[in-house]
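Asker: 3D model of this:
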Amino acid sequence: MAFVFRRAMNALSRPSSHAAGDDDDDDEKPSPGGDAGSISQTHADWANLQILHRNTLPPRSHFVLYGRREDALQRNLSKAKLHTLSGRWRFHLAPNPLEAPPGFEQRLFDSSKWSHITVPGMWQLQGFGRGPHYTNIVYPFPINPPDPPFVQNECGSYLTHFTVPRDLRHHQLRLRFEGVDSSFHVWLNGDEVGYSQGSRNASEFDVTDHVDVAGQNVLAVRVYQFCDGSYLEDQVRSAASTDDQCSCALVGFPKDVHFEDLAVKTSFDAEYRDATLEVSPSISSTGTVLFELLDADQNAVWQDSQEVQAGKDARPVSATIHQPKQWTAETPYLYTLLLSIDNEQFLSHRIGFRQVEVTDGLLQVNGKRVVFKGANRHEHHPESGRAVPFEWLRHDLHLMKQHNINAIRTCHQPNDPRLYDLADELGFWVMDEADLECHGFAMAGNSEQWASDNPEWEEAYVDRARQLVSRDKLHPSVVLWSLGNEAFYGRNHTAMVNYIKSVDKTRPIHYEQDYNADFVDIYSRMYPSVDDIINFAKDESTKRKPIVLCEYIHAMGTGPGNIKAYIDAFYQYPRLQGGWVWEWANHGLLTKTKDGTPYYGYGGDFGDIPNDGNFVMDGVLQSDHTPNSGLIEYKKALEPVQLVSHTKTTATFINRQDFATLDHLACTWKLVRSSGKSKEGGALDLPQHIQPGSTFDLDLPQVALNGDEETLLEIRFGLKNKTVWADAGYELAWAQIPLSPPAPISLPLPRAPTKDPLLSIRRTATHLTISAGRTTWTLDAVRGSLVAWTKAGKHLITRPLEPTFSRALTDNDARGD
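Answerer: Numbers count the residues shown, from 1 in each chain. The predicted structure is shown next:
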């Protein structure tokens, strides 16, 4: 069974005017030599499949070091060994790399006449370049892998100056970029530092030998809009290069011995009571490491001191933790793991005790089945595009909690590192997805043979898996790795699976287009019907693994629909373990009409031809991230407590959470009367310690009814205490119980006219004429059309009016939407 919905939304990007296979000299490769800033004697790095990175350090977990224990425990970035380089840079945009300014990386280069630009940011949304362009599926350039376009390939040159803070001057110094689209070269003080690609992956360079610790430094970055890696980045995106996410920073590490990486594994005994904690630090030289585990109140739970060998193969340090508080999306309890060397460098990271496994055909966390009630979330801001402010990101996750969403799919690439910190803290299940989609090859035929099943691309695929797992492996919220989206299936996906399993056996692997789950750990589908998933759940041949819907209930137009039927199926059939609504928010970009009126634009609003119109406007949030009606309906279907049945005196409810009781909720009631006049209400005693999946009864208040007035009893469940994402009393669930029959619908009769015009009807074999006073209507009795309408001798229509029993089409009428 393969339920496929072709709806990768790949590009707010400008397609080349050349079709694949066109013979056009404009996009021929340049001859060897010349100064393109980065053209080698054979291939440019950005057009060389053999060069993914040059001089980058191995990918690692996302952490910073501190010089004091107190600062590390507070996770105070202002005290970390880090100096941000975000802000205003000098900027020059060339139409292609061949025409980029030569020698701009030199210390004495005069950039005084260049423009300024904000980093992080997208140059297309700061007034540079051809502007945004949205298409669906098709690549924004001719298909000729691995070659990107050489002429229609905008190239941005960035310059900034900085001095090294005093507390970093005796450290090994690194430049870290959290994401640059699509690839870039780096120079420091005229020296070429290196090259990297992978728009949503971090790149780190050792610049200790290039930096002037006592003077002014000149940092030069050249960004290429397209590179060979762009064939693997066919997701929803602008034709826009960006130095984005947390942008660029100077990071310090002690020179003698320092932490290079950190891995953590938690597992439970057979009863899921006691846990084993395995900590695997990687350090540059053999040294003694102090290990500390602290609870949420910073009380010591465990401490040890061990000599750790240099390198990644050092033996992990293990400890048995008795009955730790377990981390789940409903109970996100975090401990702090603190590592230190010589009381001079401290590495702090929050961890959670949880164990993820596929057992007996179910995906389980801490021995219990989970239901993913999720959303596909792209990183998008209506003004800054993919450079999303932290406050906007946090607002998104708070909105999700307020609407009962418990899972995030990072479609279709790793997200801002700060999202995972928030997910750990607030409580979300995260499907973390590799930066990989090549849906556009479907337009050229033999889809998987271009890259996914082409051995020449294997390292490019595995590199994206390596970047994903290396950066995010410490986060308890990450419970699934995803190989990417809509990239068909080929040997290179199998290589990704093999790599991930070799370094992390603690999380299942997801990929929708491994339809039979031959290599990945769970089945996945896009947009099946409710009947389809129920049939799947009943199919004995698929019972070895669970199924999730990585995309479902498309929120296009007035969607999504049929939500509750899906959610009820998830709870009725255990192997149906939830899904992620497509999608979280519209991708409109704030622009203006000719008269200056602001509005949110989409395909076609920026002079972009061809385009795919409003297919990018399909979220449960508007472009300004205010909720659509679909999100309200989704929240209702996802309620943590739901009404099962009722009598006149009692109502039965069920706890639909997977781990938590309902002790965090308070219950209230009020009357809703058809007259609108009701102030009755109060509190109801909610039984304590109601276990997940258990039902409970509430005694209903007895109230007086008023004659024929319709009366409903509304029962609400709200937060008992204030949280970081909502105030006390915030409503998460509600139900209405009718206490009286529905009131009959009656409308007042219109007042009779003072002078009732006489109505006359004349019939013939072909026509019907109706007269009232000075008005006459003549209808064609054969065709049903109104052929004449006169009043006081004046004709009101010039041609027949035919009845139309239809309405204007909506997006939901389009097949597949």
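
Asker: now the strands: where do they sit in the stretch 351-500 of the chain?
Answerer: Per DSSP state E, counting those that start in this stretch, the stretch 351-500 of the chain carries strands over the ranges 356-359, 362-365, 368-369, 372-376, 407-409, 429-433, 478-482.

Asker: With mean pLDDT and distance to residue 301 added, can I get those strands in a markdown table?
Answerer: (C-beta placed from N, C-alpha, C; glycine too.) Output for those, formatted as a markdown table (pLDDT from 0 to 100; distance: least, CB to CB, whole Å):
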| stretch | mean pLDDT | distance to residue 301 |
| --- | --- | --- |
| strand 356-359 | 98 | 22 |
| strand 362-365 | 98 | 21 |
| strand 368-369 | 98 | 24 |
| strand 372-376 | 99 | 30 |
| strand 407-409 | 99 | 29 |
| strand 429-433 | 99 | 25 |
| strand 478-482 | 99 | 23 |
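
Asker: need those strands in CSV with mean neighbour count and distance to residue 518, can you?
Answerer: Shown next, in CSV, are the strands of the stretch 351-500 of the chain (neighbours: other CB atoms under 10 Å; distance: least, CB to CB, whole Å):
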stretch, mean neighbour count, distance to residue 518
strand 356-359, 15, 14
strand 362-365, 20, 17
strand 368-369, 16, 23
strand 372-376, 27, 22
strand 407-409, 28, 22
strand 429-433, 26, 20
strand 478-482, 25, 16
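
Asker: Tabulate the ones you listed (TSV), appending distance to residue 179.
Answerer: Rendered in TSV, the data for those read as follows (distance: least, CB to CB, whole Å):
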stretch	distance to residue 179
strand 356-359	27
strand 362-365	29
strand 368-369	35
strand 372-376	19
strand 407-409	18
strand 429-433	14
strand 478-482	18
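
Asker: For residue 655, which of those is the nearest?
Answerer: Residue 655 lies closest to strand 368-369 among the strands of the stretch 351-500 of the chain, at 13.1 Å (CB to CB).

Asker: Which residues does the closest one contact?
Answerer: 362-363, 574, 577, 658-659, 692 (CB atoms under 8 Å, 6 or more residues apart in numbering).

Asker: out of the strands of the stretch 351-500 of the chain, nearest to residue 643?
Answerer: For these, the distance to residue 643 is smallest for strand 372-376, at 17.9 Å, taking CB to CB.

Asker: From the contact counts, what lies against that closest one?
Answerer: Contacts defined by 3 or more CB pairs under 8 Å, 6 or more residues apart in numbering; DSSP states H and E place strand 372-376 against strand 407-409, strand 429-433, strand 547-552, strand 576-581.

Asker: and it, which strands flank it?
Answerer: Using DSSP bridges, the strands paired with strand 372-376 are strand 407-409 (parallel), strand 576-581 (parallel).

Asker: Spatially nearest residue to residue 148 (excluding sequence neighbours)?
Answerer: Among residues not flanking residue 148 along the chain, residue 226 sits closest, at 3.9 Å (CB to CB, 6 or more residues apart in numbering).

Asker: what about the one you found, how many residues close to it?
Answerer: 30 (other CB atoms under 10 Å).

Asker: how many neighbours does the spatially closest residue to residue 321 that is not a sequence neighbour have?
Answerer: Excluding its sequence neighbours, the residue lying closest to residue 321 (CB to CB, 6+ apart) is residue 275, at 4.7 Å. For residue 275, the neighbour count with other CB under 10 Å is 20.

Asker: wait, which of the contacts of strand 368-369 is closest to residue 700?
Answerer: residue 692 (24.2 Å).

Asker: Next one, pLDDT for that closest one please.
Answerer: We have a pLDDT of 98 for residue 692.

Asker: what's near enough to touch it?
Answerer: For residue 692, the contact set (CB under 8 Å, 6+ apart) comprises 368, 655-661.

Asker: Quick one, which of those residues are buried?
Answerer: With burial judged by 16 or more other CB atoms under 10 Å, the buried subset of these is 655-661.

Asker: Show me which of the residues you listed is closest to residue 265.
Answerer: Nearest member of these to residue 265, counting by CB to CB, is residue 659, at 20.8 Å.

Asker: my read: the residue nearest to residue 148 touches residue 150, true?
Answerer: No: between residue 226 and residue 150 there is no contact under CB atoms under 8 Å: 9.3 Å.

Asker: Just to be sure, residue 71 is in a strand?
Answerer: No: secondary structure of residue 71 (DSSP: H, G, I helix; E, B strand; the rest coil): helix, not part of a strand.

Asker: The closest residue to it other than its chain neighbours and residue 174, how far apart?
Answerer: In space, and not counting its chain neighbours, residue 71 is closest to residue 79: 3.8 Å by CB to CB, 6+ apart. Distance of residue 79 to residue 174, computed by CB to CB, to the nearest Å: 18 Å.

Asker: which of these two has more neighbours?
Answerer: Counted by other CB under 10 Å, residue 79 and residue 174 do not tie: residue 174 has more neighbours, with 19 against 16.

Asker: now the contacts of residue 692 in JSON lines, with distance to residue 217 and secondary structure?
Answerer: Shown next, in JSON lines, are the contacts of residue 692 (distance: CB to CB, whole Å; DSSP: H, G, I helix; E, B strand; the rest coil):
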{"residue": "368", "distance to residue 217": "53", "secondary structure": "strand"}
{"residue": "655", "distance to residue 217": "59", "secondary structure": "strand"}
{"residue": "656", "distance to residue 217": "57", "secondary structure": "coil"}
{"residue": "657", "distance to residue 217": "53", "secondary structure": "coil"}
{"residue": "658", "distance to residue 217": "52", "secondary structure": "coil"}
{"residue": "659", "distance to residue 217": "51", "secondary structure": "coil"}
{"residue": "660", "distance to residue 217": "51", "secondary structure": "coil"}
{"residue": "661", "distance to residue 217": "56", "secondary structure": "coil"}
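
Asker: Name the nearest of those relative to residue 569.
Answerer: residue 656 (13.4 Å).

Asker: Brilliant, that's me finished.
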